[in-house]
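K.L.:
What follows is a predicted protein model with its sequence.
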Amino acid sequence: SSSSSSSTRTTKVASWIKTIPTSSTTTTTMPPRSGHVAFQTMEGQNYIFGGYVEEEVEEESKGTTTVTTTRYATNDLWRWDDAMVDWVQVTQDKQSTVPGPRLVSAAAVVDGRPTLFGGWDPQEFGTGGIILDTVHQLNLSTMEWEILDDVTIPDGPSSRHVAVTISLPLVEGSSESDSCALIHNHRCTDHVLLFQNGTFRKQPTSGDAPSSRGLH
C-alpha cells in the first residue's frame, strides 16, 4: 500500500500598530529624532540613546502663531515602558561620564552591558563636527556610563556603521561561549570587527563581501 501526505503552509501577516500612551498625565514626551541607537537588554527592556532631535515650538503673538524648529544632537537615554505604552526618560548617573551628543553611532550588548561605538558629533553648525572612535559601556544597575580609555575603534573614527551581538567561544575550541559585538563599517571590505572581553580584533571574511557602505 502507499500513502501520501500533504502539508499546508500557514502564512503569517505582520501589522503595524500605532501606540497610544495609557497615561494622559505624561509630562515628558520624547521629541522626534533620527540617527539614534536602540538596544535590548538581556531582561528584554528596550532603550534608545542619542540621535538628532527636531522639535517644533509654537508661539502666539498678537493673534499670529509662529512655529520655530530647533534641531540638535542629543545624548539622552529613554526606556520603553510596556505598562504606559510610552517612552520614559532615564536619569543617567554621573553626568561627567555620559557619552557626549552624537548620532549614527552603533550599539550592542556585550557581557550584559550596552556598549556604544563611535558616532558623529555635529558640534557647532557649519563646522562639520567630529567623527568619534570612542567606546562606552553602560552599567544597568547604576545607570552609569564608563568610557574605555585605552580602547578605540581600529583604523580610526567611525560612524554610520552597524553592530550586533553574537556568541563566540571564550577560547578557540572551548564549549563555553561569551557575548561579542560584531561591527561592520565602510572599511570592512575583507573583514569584520569583533569586540570581546574589552578588546577589538579583525576577523577575516571570505566570499563576495558587501560593497563599502554606511547607514545600513
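P.N.:
It's in. Numbers count the residues shown, from 1 in each chain.

K.L.:
Run through the bridge partners of the most centrally placed residue in the chain.
P.N.:
By Cα atoms, centre = their mean, the chain has its centre lying nearest to V37, at 2.3 Å. With DSSP bridges as the criterion, V37 is bridged to F49.

K.L.:
need the contact list for it.
P.N.:
Residues counted as contacts of V37 (Cβ atoms under 8 Å, 6 or more residues apart in numbering) are I48, F49, G50, G51, S105, A106, A107, L116. Backbone N, C-alpha and C define where each C-beta goes, glycine included.

K.L.:
measure it to I153 for me?
P.N.:
15 Å (Cβ to Cβ, to the nearest Å).

K.L.:
coming back round to it: now neighbour count too, for the contacts of V37, in a markdown table please.
P.N.:
Shown next, in a markdown table, are those (neighbours: other Cβ atoms under 10 Å):
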| residue | neighbour count |
| --- | --- |
| I48 | 18 |
| F49 | 26 |
| G50 | 26 |
| G51 | 26 |
| S105 | 26 |
| A106 | 23 |
| A107 | 25 |
| L116 | 25 |
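
K.L.:
which stretches of this protein have low pLDDT?
P.N.:
Counting by pLDDT under 70, the chain contains low-confidence ranges at 1-7, 23-29, 170-177.

K.L.:
hang on, I130 packs against Q123?
P.N.:
Yes. I130 sits in contact with Q123 when judged by Cβ atoms under 8 Å, with a separation of 6.5 Å.

K.L.:
got the contact list for the longest strand along the chain?
P.N.:
Scanning the chain for the strand with the most residues, using DSSP state E, yields strand 64-81. With Cβ under 8 Å, 6+ apart as the test, strand 64-81 has contacts from 30, 33, 45-60, 86-90, 92, 98-103, 120-122, 143.
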